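Asks: Build the 3D model from these lines:
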Amino acid sequence: MSRSENTLFEWWQRHHLQPEPQETDPEKLGQRTPPDERLFERLADLAGVPVEGTGILKQAVHRQLDDVWNSHWVDFLPDAPKGWRTTAQKELRNIERLSRGLHAALQKLSPRSEAAMNLGTIEVNDQRGPIRNTQRAERAVEFEWYYGVIERLAEIASQEVSRIARQKRRGKGKGRGRPRGSTLIVNPSSFPGTTLFLLWDVRAAGGRLTLDKNSGRGTLPQALQVLSPYLPPGFIPKSLTASTLAKLKAMANKMAKGNIRTAIIDPVTG
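Replies: Predicted coordinates:
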């Protein structure tokens, strides 16, 4: 999705505390410092997270770091030719259209045609081996597995079209959490989004991050500096002003209570 009318806090509740597959590409992993126990221990100590909440904090922070890096890797593709986003959007829209069309056609198969496809699945699996490990008795219904795969392919293509559109807006200086009417538009993988999530992550784990609005000191800026080496270069601003952090901290409280209407620009885990 490129924009969701669900609040940012609701999206965090549904997705941010859920585990997800980790990046395994060695080239990508070589670009980042992977989160380690030292990071989580320092964050837990700063926020006063109790022992029983450390698992929640670790999972939530790990996910946010992955989301930020995934967004960074898509935004900064190496040696990307000029106009690659327009080309990618066109190609992915075509994939989405074809996938949805194929899924619809499969759903309309007559019983005899579906039986033929089931039989063909068995024969092809016998010749080439099944895509997943199944017993022969289960392969008769293996064809149904493709329904979900094709539907998911369409969803993936649609999500990436929206992600690329958000990147194009970002390149024009838009979509960085500016107000639009009475709704605040937030990118979860941005610095403001990451700060809000960190505050909620800590709260969910039973801790609290502090900030002195006058001096700018407190455990919130310290926690952000602790996170900095684990994030893309330049992600955390070198100079964190007290007013910026105070606004974000106040927003986190108001959003959690539903007092600020928010929309989301392209969550990374969608």
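
Asks: Show me the helices in the stretch 51-200 of the chain, by range?
Replies: In the stretch 51-200 of the chain, the segments counted as helices under DSSP state H, counting those that start in this stretch are 54-75, 84-107, 111-128, 143-171, 191-204.

Asks: Deepest-packed of those, please.
Replies: Greatest average neighbour count among those goes to helix 191-204 (a mean of 23), per mean count of other Cβ atoms under 10 Å. No exception for glycine: its C-beta is placed from N, CA and C like everyone else's.

Asks: Mind checking the pLDDT average for that helix?
Replies: Helix 191-204 comes out with an average pLDDT of 90.

Asks: backbone phi and psi for Gly83, please?
Replies: phi 80, psi 10 (degrees, to the nearest 10).

Asks: Can we start the residue count at 40 from this point?
Replies: Noted, 40 is the first residue going forward, which turns the last one into Gly122.

Asks: Next one: it from Pro150, what distance?
Replies: According to Cβ to Cβ, to the nearest Å, Gly122 and Pro150 sit 48 Å apart.

Asks: Same question for Asn157.
Replies: In terms of Cβ to Cβ, Asn157 sits 10 Å off from Pro150.

Asks: before we move on, back to that, show me the one of the helices of the stretch 90-239 of the chain that comes nearest Pro74.
Replies: Closest to Pro74 of the helices of the stretch 90-239 of the chain, according to Cβ to Cβ: helix 93-114, at 5.5 Å.

Asks: quick one, the closest one and helix 123-146 angle?
Replies: Angle of helix 93-114 versus helix 123-146, following axes from the mean of the first three to the mean of the last three Cα atoms, to 10 degrees, is 110 degrees.

Asks: And helix 93-114, what does it pack against?
Replies: Counting by 3 or more Cβ pairs under 8 Å, 6 or more residues apart in numbering; DSSP states H and E, the packing neighbours recorded for helix 93-114 are helix 76-86, helix 182-210, helix 230-243.

Asks: okay if I get those helices as a markdown table plus distance to Arg256?
Replies: Below are the helices and strands packed on helix 93-114 laid out as a markdown table (distance: least, Cβ to Cβ, whole Å):
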| stretch | distance to Arg256 |
| --- | --- |
| helix 76-86 | 12 |
| helix 182-210 | 31 |
| helix 230-243 | 16 |
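
Asks: least reliable of the ones you listed going by mean pLDDT?
Replies: helix 182-210 (a mean of 78).

Asks: Stretch 265-282 spans what distance, first to last residue?
Replies: 20 Å (Cα to Cα, to the nearest Å).

Asks: mind showing which ranges of the chain have poor pLDDT?
Replies: Counting by pLDDT under 70, the chain has low-confidence residues at 40-69, 113-120, 168-181, 205-225, 297-309.

Asks: domains for it, by residue range?
Replies: Split into domains by automatic domain parsing, the chain comes to 42-64+73-118+212-304, 123-210.

Asks: wait, which of the helices of the stretch 90-239 of the chain is closest to Leu287?
Replies: Judging the helices of the stretch 90-239 of the chain by Cβ to Cβ, what sits closest to Leu287 is helix 230-243, at 4.8 Å.

Asks: tilt between the helix or strand that comes right after that closest one and helix 230-243?
Replies: Remark: after helix 230-243, the chain's next helix or strand is helix 258-266, criterion DSSP states H and E. Angle, helix 258-266 to helix 230-243, by the same axes, to 10 degrees: 110 degrees.
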